[in-house]
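generate coordinates for the sequence data below:
(chains A and B)
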Protein chains: 2
Amino acid sequence: MIPVQPERFLKDLHDLRQFGAAGVGKGVVRPAYSEADIAARQWLAGRMQAAGLQPQFDPVGNLFGIAGETSLLMGSHSDSQPEGGWLDGALGVVAGLEVARAAQEAGGPPVSVVSFQDEEGRWGVTTGSTVWRGKLSLDEADRLEDHGGLSFAEARARMADLAGDWVPADRFTGFVEAHIEQGPWLEKTGEKVGVVEAIVGIRDMRITFAGQQNHAGTTPMHLRRDAFQGLAEFNRRINARFAEIVTPATVWTIGHVALTPSASSIVPGKAVFSMQWRDGAAERLEKMEKIIRDTAAEVAAERDLGLDFGTMLGLDPVQMDDGLQAALAAAAEEVCPGKWRRMPSGALHDASNVSNLMPVAMLFVPSIGGISHDFAEDTAEDDLVAGLKVLAGAVARLQ
Amino acid sequence: MIPVQPERFLKDLHDLRQFGAAGVGKGVVRPAYSEADIAARQWLAGRMQAAGLQPQFDPVGNLFGIAGETSLLMGSHSDSQPEGGWLDGALGVVAGLEVARAAQEAGGPPVSVVSFQDEEGRWGVTTGSTVWRGKLSLDEADRLEDHGGLSFAEARARMADLAGDWVPADRFTGFVEAHIEQGPWLEKTGEKVGVVEAIVGIRDMRITFAGQQNHAGTTPMHLRRDAFQGLAEFNRRINARFAEIVTPATVWTIGHVALTPSASSIVPGKAVFSMQWRDGAAERLEKMEKIIRDTAAEVAAERDLGLDFGTMLGLDPVQMDDGLQAALAAAAEEVCPGKWRRMPSGALHDASNVSNLMPVAMLFVPSIGGISHDFAEDTAEDDLVAGLKVLAGAVARLQ
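Take a look at the predicted model:
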């Protein structure tokens, strides 16, 4: 057993929120490499040192607190969205810190902690862990610019006096990331924690139906080639066809729609729209892609519409490690018997990158109202503590 | 019989096209009060005079060519769209001129001709005939501005040296307007002319579905309040319900769609769209409105969406006069037996305004490819001539 101290954990969480505290409620403005972000990382380094861990910044500002020669790694990120909440990322870092500290106090096992840099993607997506895993070179990263034109090279120069060497991944036996769910499942079902089975894969494609722009008064219905009607019919058919192959966790979204010329008296000549779908199984993503392509072609043929598929962007699903999942599940059943579930992560996390280096697992706690990326983001205190206890229980089981 | 001369009619049409001839094919750029428009009206006044008619400009630049004390009035407009074709409006004016001229030559009956000003709506919609019928006062019209900020008062001052008094409507016994169809019906059916039964009424309304903007990865399908899905389902249901009450000539269009925030990774929180419908019967327009309002409310309730109806804009249908229609129909059957139809006009015309002052009727000739408001607008020469002959035959029958 690792004797975590909930009060100390909650105090650290609230203290970390003071860096960039803003907005209503428990809002935080702490984007990567901002003054608040750098100050928060320096404070975290001090807390790591005080917990008996060896703090080390790497060249991109990822902060590790290292225990022993080899150890489990826990953590997440401490940068925030431009207008973020106090728990997105911070929870995983501070929970990892408390487990590592309590483990040190109990004489083991060794647990290291990490706060990755720029998970929120000021320079892309999960920038710090992407460079650490080796998918993006430092040279490539340095050339990226944020929306204001600030290069990654300029930004990380702000932490040059703190930067040390890269931390080799092979000193870690696995990675466990705790995170708020950022969705409504756990709250709706009244469960305390979720053991993540997979981080879902994403496919995203722009589709264009090209019809014939025409006078909305003089063009009879049966002679129209209305691009919006094509989109609406495509939408209806994929909804019906997906229903036969999806799970309750599968999601798909038409989020962007642009009609041409988008005027009330003109039959739409063109409809450009986004089609995004996410699922934990690569095979299902492929089946959905086939339905999308076949259905769009079918609707285009029936309605004499031109059809164009843009480039498909995608990230493959990441399966969580069975052993780490089993430890989390056993601990969850002990801490909150019958009040936990296995579930996918619909959002991307640093764990996706780390999975290329070592076994990974994730634990979710409920998000009140499913809200995230918003000042209103929050989680009930006893859910935060339940999550901490499950993490500690899992680490003890991994010894 | 009124002995119209097709060659003379076609030459006048081609000569009129020289004022503002532009673009490819038979394109015309002759917006109201442009140099080309004023020059064209002066040329038309000369042709009227040469035909034995008394030309008279009124204060807004409507040009009448008057025959006798009382007479039938024929015509349309000679201003064009910013990028228009050679027949939209011009056909009705020049066909009227040829019938009036031939009637003069034959010793009667008296036929007057008109070219209304700004039918294409540089300062609104059918501006010249709207002022003439008394729906818009000259003071109100004078304050209107075009897209470039030019007031109607400034524009009509360009014709001040030509302007005479108003022409009293009670000297005309009826109005017959020939026009290109601007739609594909006649071409598709291979018919030469259409006898218009009614100018359809229009209803136009902006509708808003308000849902909940959410993360497209973490928000399960069954908990979404997706405004686009509301719009798509609304569209499906009204299509099905309209099918039970409409005629083949009824049209309806969702032409404008704006989603918020319109991003591929975000469930749409808001959908604002235009709903426009047109029909020749006011009663059907009302039935459609009820279906629209009921269906939107039903979809909003089922999907927990907010619903807002904007102001409904509308123009009532205008019925064509039975006697004038009968004369056109009898002449059509003589000129092109079995190759004509009765049909509604899906577009608005000067005849809508004139119908408040006297009996009106309209005759359509085919538009190649249904194209109008475009340099490519055209009609086969023998269809133009068939239309001329039907007009002449109808006028002869009205004696």
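
could you point out which element follows the helix or strand where residue A:65 lies?
Counting by DSSP states H and E, the element that carries residue A:65 is strand A:63-66. Scanning forward in sequence from strand A:63-66 by DSSP H and E, the next helix or strand is strand A:71-77.

which residues touch the residue nearest the centre of chain A?
The structure's chain A has its C-alpha centroid closest to residue A:348; by Cα atoms, centre = their mean the separation is 2.9 Å. Taking Cβ atoms under 8 Å, 6 or more residues apart in numbering or on different chains, we find residue A:348 in contact with A:125, A:126, A:199, A:202, A:315, B:217. Every C-beta, even on glycine, is put in place using the N, C-alpha and C of the backbone.

for the second one, phi and psi?
Put plainly, it is residue A:126. Dihedral pair for residue A:126: phi 40, psi 50, per degrees, to the nearest 10.

hmm, it is touching residue A:353, no?
Yes: in this structure residue A:126 lies within contact range of residue A:353 using Cβ atoms under 8 Å: 5.7 Å.

that older thread, which members of the contacts of residue A:348 are the farthest-apart pair?
Spanning the widest gap among the contacts of residue A:348 are A:126 and B:217, at 13.8 Å by Cβ to Cβ.

ok, these two, which is more surrounded?
Ranked by neighbour count (other Cβ atoms under 10 Å in any protein chain shown), residue A:126 and residue B:217 place residue A:126 first, with 25 against 22.

gap between the more buried one and chain B?
From residue A:126 across to chain B, the span is 14 Å (Cβ to the nearest Cβ, to the nearest Å).

quick one: neighbours of the residue lying closest to residue A:69 once chain neighbours are set aside, just the number.
Excluding the flanking residues, the one nearest residue A:69 by Cβ to Cβ, 6 or more residues apart in numbering or on different chains is residue A:171, at 6.7 Å. Using other Cβ under 10 Å, residue A:171 has 16 neighbouring residues.

got the contact list for residue A:171?
Contacts of residue A:171 by Cβ under 8 Å, 6+ apart are A:66, A:69, A:70, A:71, A:112.

I figured the first one hits residue A:53, correct?
Put plainly, it is residue A:66. Yes: using Cβ under 8 Å, residue A:66 makes contact with residue A:53 at a distance of 6.0 Å.

ranges for the helices of chain A?
Listed in chain order, the helices of chain A (DSSP state H) span A:6-17, A:35-50, A:90-105, A:127-133, A:138-142, A:152-157, A:185-189, A:227-242, A:282-302, A:322-335, A:350-354, A:381-397.

JSON lines for these, including mean neighbour count and distance to residue A:207?
Converted to JSON lines, the helices of chain A look like this (neighbours: other Cβ atoms under 10 Å in any protein chain shown; distance: least, Cβ to Cβ, whole Å):
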{"stretch": "helix A:6-17", "mean neighbour count": "17", "distance to residue A:207": "42"}
{"stretch": "helix A:35-50", "mean neighbour count": "19", "distance to residue A:207": "38"}
{"stretch": "helix A:90-105", "mean neighbour count": "26", "distance to residue A:207": "36"}
{"stretch": "helix A:127-133", "mean neighbour count": "26", "distance to residue A:207": "28"}
{"stretch": "helix A:138-142", "mean neighbour count": "15", "distance to residue A:207": "30"}
{"stretch": "helix A:152-157", "mean neighbour count": "19", "distance to residue A:207": "33"}
{"stretch": "helix A:185-189", "mean neighbour count": "18", "distance to residue A:207": "29"}
{"stretch": "helix A:227-242", "mean neighbour count": "22", "distance to residue A:207": "8"}
{"stretch": "helix A:282-302", "mean neighbour count": "17", "distance to residue A:207": "6"}
{"stretch": "helix A:322-335", "mean neighbour count": "20", "distance to residue A:207": "36"}
{"stretch": "helix A:350-354", "mean neighbour count": "26", "distance to residue A:207": "26"}
{"stretch": "helix A:381-397", "mean neighbour count": "22", "distance to residue A:207": "40"}
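
now render those helices as CSV, adding mean pLDDT.
Listed next are the helices of chain A as CSV, based on pLDDT from 0 to 100:
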stretch, mean pLDDT
helix A:6-17, 98
helix A:35-50, 98
helix A:90-105, 98
helix A:127-133, 96
helix A:138-142, 96
helix A:152-157, 97
helix A:185-189, 94
helix A:227-242, 98
helix A:282-302, 98
helix A:322-335, 98
helix A:350-354, 96
helix A:381-397, 98
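
to residue B:365, which of the ones you listed lies closest?
Closest of the helices of chain A to residue B:365 is helix A:227-242, at 29.5 Å (criterion: Cβ to Cβ).

perfect, that will be all.
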